[in-house]
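Chemist: Mind folding the following:
(2 chains)
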Amino acid sequence: MNFIKRGFLGITRKKGKTLILLAVIFILGNLISGAVSIQQATGNVEANIKERLGAAATLELDYEAVEDLSEAEWLEIENIGVDLIKQIGELSYVKYFDYSTSIYLGSESIESYQGDMEGEIFHSGPSMDYKLNGINYAPVIDFEEEKGKLIDGRVFTQEEVDNGTSVAIISKKLAEKNDLHVGDTFTLDNAVYDYDEETGEEELITSRDVVLEVIGLFEPQSVKEQQEDNADSGMLDWMDIEYQNTVYVPNEIVASENRYHWEEYSKMDEEFAKMMEEDENAFEYFMPMFFLNSPEDSEAFEEEVAPLLPEFYNVVNAMDQYDSIAGPMESMSKLSKYVLLVAVIATVLITGLVVLLFLRDRKHELGIYLSLGERRSRVVGQILIEVMVVAVIGITLSLFSGNLLAGQVSDMMMKANDNQDEYYEEYIYFGDTQIDLTTEDVLDSYEVSLNLSYILGFYGIGLLTILISTVIPLIYIVRLNPKKILM
Amino acid sequence: MILEAKDLNYYYQDGEERRYILKDTSVSFEKGKFYTILGQSGSGKTTLLSLLSALDSPNSGTVLFNEEDIKKIGYEKYRRNNVGIIFQSYNLIPTFTAVENVLVPMSITENEIPEDAKTVAYNLLDYIGIVKSKADRFVNKLSGGEQQRVAVARALATNVELILADEPTGNLDEEMEQEIIDIFKKLAHEHGKCVIVVTHSNEIALQSDQAFHLRKGVLSSYE
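Modeler: A predicted model of the protein is given here:
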C-alpha cells in the first residue's frame, strides 16, 4: 500500500471525483489541443513555404530609410558595384551567385508569345515585349533553381559571358512561334523614343538592331505547374507570358544596349546628359542574387554582409517575403496563440481550483498519512499520480477531439478567407522578379494533421499545464498540521 | 525507560501574557505497562499526548524515546518507526477496507515488515477481533467498536513498542470500552508494549498499572 498504489486506489475508489476531474481536463484539453493543432499547422506552412522560397538573398535599398532624403542626397547614394557583389559571392555561405541587369526591347522581325491572351492585349505605345535578362553565371541560375529547364541546345560558356558575345537562350514557345531553332539568329530593336508631355505621343528618334544567335531553348517549370493548378488565375498567365518572352543574354549585351539607349536619349535632354556625365555608372544597375548553401545560413550571411554594404542598403532574404503573403495564416496563428494562452491560464486556474477543493475534501485522509509519519513529498506524489493519471487519459482523449475541432474551425476560417478576394492578389516580389507563390499556395499547404510533433507538443503543453495547476494547491499539503486535523 | 518527558512547557501567547496548557511537566514511562492520563476537558491531556506522539512540539522541554530526543530522531521518522497512535474518532481512511487501512503504515514504516504483509495484517486484525470477512469490508461499513479495533491493529502494524491512545473509548458503549481496554492490557502485559491512554474515565484509570492526573497543566500521580 505504498503511495503509488494509494494514488491508483484514489482514482478507482473515488469515481465521482475522478470523472469530474476528467471532464474538466478533457474540456480544457480540447481548447489547448485545438490551439496547438493550429499552431503546428501554421508553423508547418511557414516552414514549407519558406523552404519553397529557398535560401536566396539579394541586396536592396532600404526604401523606408531613403524616403525622406532630398534629391541631392538621393544622387549621392552609392550603387552596389560588381566588385562588392563578387566579394560577397566569395563568402562560404554562398552556393552560387549572379548579378543581372535587364532591358525591355521590341522587335519587328519576330512575334512575341501571348499565350491564351492572343489578341486581347492592347498596347498604348510602342511594344517592348522582350525582356533581355542579363546573366553573369554561365550555367544560368534560373535553370539551377528550376525556374526554367534547358530542353535544347546549351547554356552559355564563361567566355561568351565575359566577352558579351551576342548569343541568347529563349523559350521553346517563343522559338516555335517564330520557327526559330538552335543556331538561328533573330533581331530585336533597341528603339529610343522621345515622349511629348503635351500631346502624350512618342516619337522614334533612333534605333539599332540587336542580333542574337539562339544557343539554347528553355521551358518554364514552376510557373507552368502553377498554371495547371490555377487555370483561372490571370496573374499567373501574365507571369507565364513575361517569362516566355524572356531572352537570356550575357550581362554585357544588356549593359551595352542600356548605354546606347541612355546616350541617345541624353542627346535630346541636356539635364539628363549632365547627370550621366556626373556618374557614368549611374545606369549600370545590377541586381545581385545569392543562393546560399542552406536556409539556416541566412542569418549568418546577413550579419556578415551588412557591414560591407554602402549606406542605405540591406540584405533581403527570400524567406522574409513569406510575411507578405501570409496574411490569413498570420491571423490564424495569432488567434490560436491567444486561444492557447487563455486555455493554459484557464486550465491552471480551473484545474488548480478543482484540485484544491478535492484536497480540502480529503484533508482528513492526508492528515492520517502525515500522522503515520508519511513523508510530505510522498503525499504530494500520491496526489500528483492521481491527477496526472487522469490528466493523461483526459489529454489523450482531447488529443483526437481537439485535433478534429481544430480542423473544423480552420476549414471555417479558410472558407471565410475564400470570400476575401484581396488575398489572391498577394504575390511575392523578390529582387526584380516575382516569385510564383501566392496566398492561395499558403492556404493550400495548410493542413491540420495528427503528426508526431503535434502529439509531443500537445502532451508537453497539456501535462505541464496540469502539473503546474496541481503543484500550486499542493502547497496546501505542505502546510497541513496533522494534530489540528485529527485531534 | 522507553519514554520520558522533561520539563515540558506548552503555552499560547495572549498579548503580553502566556497561557500555559502544560507547565514544567515531567513524566516517564516503562515498557510492559499500561498507563492512563486522567483529566477534565481542557486540562491539557490531549496536548500532552500530541507532544509525546510528536504530532506537535513543545515551547520548551524535551521528549526522550529510549533516551534519545525525538526532535533529534525527527518527528516524522519517530511517528513512522517508533509509535502507534490511536484516536478517539478512529481516523481511518473511509475509501479503504479494514485490511488496507492496516497495510498503510506497513508501507510507510522503515521497520522490518514480513514479506507477506497482507497475511500479517489479516492475522493482526483477527487477533484484535476482526475476522477476515470483516477485514475486507470498507471501514465505514463497520461498527464503532470494530473501527476502533481496526485503529488499534493499525497502531500495532509497524511492530512498535509504544502505543499512544487519545480517548480511545470515548465513542464506544461500556461493553465495547471494556473489550478495547482488555486489548490494551494484553498488549502491555503479554507483549511488553508501553500503552499510554489519555482518558477522562476513572474506571479506565483504575484498571491501569499507573495513572496520572493532569489539572491546569500540572501532572501528578493519581491515587
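Chemist: longest helix in chain A, by residue count?
Modeler: Ordering each helix of chain A by length in residues (DSSP state H) puts helix A:376-418 first.
Chemist: After the lengthiest helix in chain B, which helix or strand is next?
Modeler: Among the segments of chain B that qualify as a helix by DSSP H, the longest is helix B:174-191. Downstream of helix B:174-191, the first helix or strand assigned by DSSP states H and E is strand B:194-199.
Chemist: can you list the residues that contact that following strand?
Modeler: If you take Cβ atoms under 8 Å, 6 or more residues apart in numbering or on different chains as the criterion, strand B:194-199 is touched by B:2-3, B:29-39, B:45-46, B:48-49, B:52, B:161-170, B:184-185, B:187-188, B:204-205, B:208. In this view, the C-beta of every residue, glycine as well, is placed from N, C-alpha and C.
Chemist: where are the low-confidence patches of the chain?
Modeler: Just so you know, I chose chain A. Residue ranges of chain A with pLDDT under 70: A:117-126, A:222-236, A:278-284, A:322-328, A:414-445, A:448, A:487.
Chemist: wrong chain, I was asking about chain B
Modeler: If you take pLDDT under 70 as the line, chain B has these spans: B:223.
Chemist: where along it do the helices fall?
Modeler: Under DSSP H, chain B gives helices at B:45-52, B:70-73, B:75-81, B:98-108, B:117-128, B:132-135, B:144-156, B:174-191, B:202-207.
Chemist: who wins for proximity to chain A among the ones you listed?
Modeler: Nearest to chain A, of all those, is helix B:75-81, at 2.7 Å by Cβ to the nearest Cβ.
Chemist: Can you get me a residue count around the closest residue to B:E67 other than its chain neighbours?
Modeler: Leaving aside its sequence neighbours, B:E67 sits nearest to B:M1 (Cβ to Cβ, 6 or more residues apart in numbering or on different chains; 7.0 Å). Per other Cβ atoms under 10 Å in any protein chain shown, the neighbour tally for B:M1 reads 12.
Chemist: next one: B:L156
Modeler: The number of residues packed near B:L156 is 22, by other Cβ under 10 Å.
Chemist: residue nearest the centroid of chain B?
Modeler: By Cα atoms, centre = their mean, chain B has its centre lying nearest to B:L164, at 1.7 Å.
Chemist: Pull up the gap between that one and chain A, please.
Modeler: 11 Å (Cβ to the nearest Cβ, to the nearest Å).
Chemist: residues from chain B in reach of chain A?
Modeler: Contact residues (Cβ under 8 Å from any Cβ of the partner chain) of chain B with chain A: B:46, B:49-50, B:55-56, B:76-81, B:85, B:87, B:89, B:91-96, B:100, B:103-109, B:166.
Chemist: Could I have the PyMOL command that selects the buried members from the residues you listed?
Modeler: With 16 or more other Cβ atoms under 10 Å in any protein chain shown as the criterion, this PyMOL line picks the buried residues out of the residues of chain B next to chain A:
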select buried, chain B and resi 46+49+50+55+56+76+77+78+79+80+81+85+87+89+91+92+93+95+96+100+103+104+105+106+107+108+109+166
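Chemist: thinking again about what came up before, now the helices of chain B as CSV including distance to A:N258?
Modeler: What follows is the helices of chain B, written out as CSV (distance: least, Cβ to Cβ, whole Å):
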stretch, distance to A:N258
helix B:45-52, 99
helix B:70-73, 95
helix B:75-81, 89
helix B:98-108, 90
helix B:117-128, 96
helix B:132-135, 102
helix B:144-156, 99
helix B:174-191, 111
helix B:202-207, 116
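Chemist: Counting by contacts, list what the helix or strand hosting A:F458 packs against.
Modeler: Using DSSP H and E, A:F458 falls within helix A:452-478. For helix A:452-478, the elements it packs on are helix A:15-53, helix A:327-361, helix A:376-418, judged by 3 or more Cβ pairs under 8 Å, 6 or more residues apart in numbering or on different chains; DSSP states H and E.
Chemist: right, so of the ones you listed, which gets closest to chain B?
Modeler: Once the helices and strands packed on helix A:452-478 are compared by Cβ to the nearest Cβ, helix A:376-418 is nearest, at 8.1 Å.
Chemist: what helices or strands is that closest one leaning on?
Modeler: Using 3+ Cβ pairs under 8 Å, 6+ apart: helix A:376-418 touches helix A:3-13, helix A:15-53, helix A:327-361, helix A:363-371, helix A:452-478.
Chemist: Now do the last one and helix A:15-53, the angle between them.
Modeler: Going back to what we said before, that points to helix A:452-478. 140 degrees (axes from the mean of the first three to the mean of the last three Cα atoms, to 10 degrees).
Chemist: and the helix or strand just after helix A:452-478, how far from the chain's centre?
Modeler: For helix A:452-478, the following helix or strand on the C-terminal side (DSSP H and E) is helix A:482-486. Helix A:482-486 sits 63 Å away from the centroid of its parent chain (Cα atoms, centre = their mean, to the nearest Å).
Chemist: same thing with stretch A:258-271?
Modeler: 40 Å.
Chemist: if I pick B:D7, what's in contact with it?
Modeler: Counted by Cβ under 8 Å, 6+ apart, B:D7 has contacts B:D24, B:T25, B:S26, B:S60, B:G61, B:T62.
Chemist: Adding neighbour count as columns, could you present those residues in CSV?
Modeler: Shown next, in CSV, are these (neighbours: other Cβ atoms under 10 Å in any protein chain shown):
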residue, neighbour count
B:D24, 14
B:T25, 24
B:S26, 12
B:S60, 11
B:G61, 17
B:T62, 17
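Chemist: mind checking how far A:M128 is from chain B?
Modeler: Using Cβ to the nearest Cβ, A:M128 is found at 88 Å from chain B.
Chemist: who's in contact with that residue?
Modeler: Here A:M128 is in contact with A:Y104, A:L105, A:G106 (Cβ under 8 Å, 6+ apart).
Chemist: With B:R154 instead?
Modeler: Going by Cβ under 8 Å, 6+ apart, B:R154 touches B:G84, B:L92, B:N101, B:V102, B:V104, B:P105.
Chemist: Using CSV, write out every CA atom in stretch B:98-112.
Modeler: What follows is stretch B:98-112, C-alpha atoms only, in CSV (Å, rounded to 0.1, in the frame of the first residue of the first chain):
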residue,chain,number,x,y,z
ALA,B,98,-10.0,-2.6,7.1
VAL,B,99,-7.1,-4.6,5.9
GLU,B,100,-6.0,-1.8,3.6
ASN,B,101,-6.0,0.6,6.5
VAL,B,102,-3.7,-1.7,8.4
LEU,B,103,-1.4,-2.0,5.4
VAL,B,104,-0.9,1.7,5.1
PRO,B,105,1.5,2.2,8.0
MET,B,106,3.3,-1.0,7.0
SER,B,107,4.2,0.6,3.7
ILE,B,108,5.3,3.8,5.4
THR,B,109,7.5,2.5,8.2
GLU,B,110,11.2,1.7,7.9
ASN,B,111,10.8,-1.1,10.4
GLU,B,112,11.2,-4.6,9.1
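Chemist: That stretch: how far from the chain's middle?
Modeler: The answer for stretch B:98-112 is 16 Å, by Cα atoms, centre = their mean.
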